[in-house]
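Visitor: Sequence plus the predicted model coming up.
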Amino acid sequence: EVQVVESGGGSVQAGGSLSLSCAASGATYCRYDFSWYRQAPGKEREFVSTIDSDRRISYADSVKGRFTISQDNAKNTVYLQMNSLAPEDTAMYYCKIVSVCSGGYLYTNWGQGTRVTVSA
């Protein structure tokens, strides 16, 4: 089983920056696809960004040009750098990892979430 460890987040004023990280652990010989989602109070969870094991990247339109996803393969860790934050970015951010491991094992795991609060 793959464990998802998130860190980062916090509170910032509009226009500020925050960085999130998400690490995969607990399994070996796996390829990981990492994604970030967020859920604002009273709203459904929405896609933010993804980077797959071939380093293909995509972003939601709402964060393009402001957020950057990157990966450290050696650490099985993904980072989400969030710049020019706005109050509408306030949400709980969740990391999702889809792991394809030796033996054909496929896991989908979610982190516990990390809160981002942006004040006007």
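Guide: Received, thanks. What you see is a predicted model; the values in this text were computed from it and never measured.
Visitor: check contacts around residue 113.
Guide: Contact analysis of residue 113 by CB atoms under 8 Å, 6 or more residues apart in numbering lists 6, 39, 92, 93, 94. C-beta coordinates here come from the backbone N, C-alpha and C atoms, glycine included.
Visitor: which of those tops the neighbour count?
Guide: Ranked by the number of neighbours (other CB atoms under 10 Å), these place residue 93 first, at 23 neighbours.
Visitor: List the strands paired with the helix or strand hosting that one, with their directions.
Guide: Using DSSP states H and E, the element containing residue 93 is strand 91-101. For strand 91-101, the paired strands and their directions (DSSP bridges) read strand 30-39 (antiparallel), strand 105-110 (antiparallel), strand 114-119 (antiparallel).
Visitor: now the helix or strand just after the first one against strand 91-101, angle please.
Guide: Beyond strand 30-39 on the C-terminal side, the first helix or strand identified by DSSP H and E is strand 46-51. Angular relation of strand 46-51 and strand 91-101 on a 0 to 180 degree scale: 40 degrees, by axes from the mean of the first three to the mean of the last three CA atoms, to 10 degrees.
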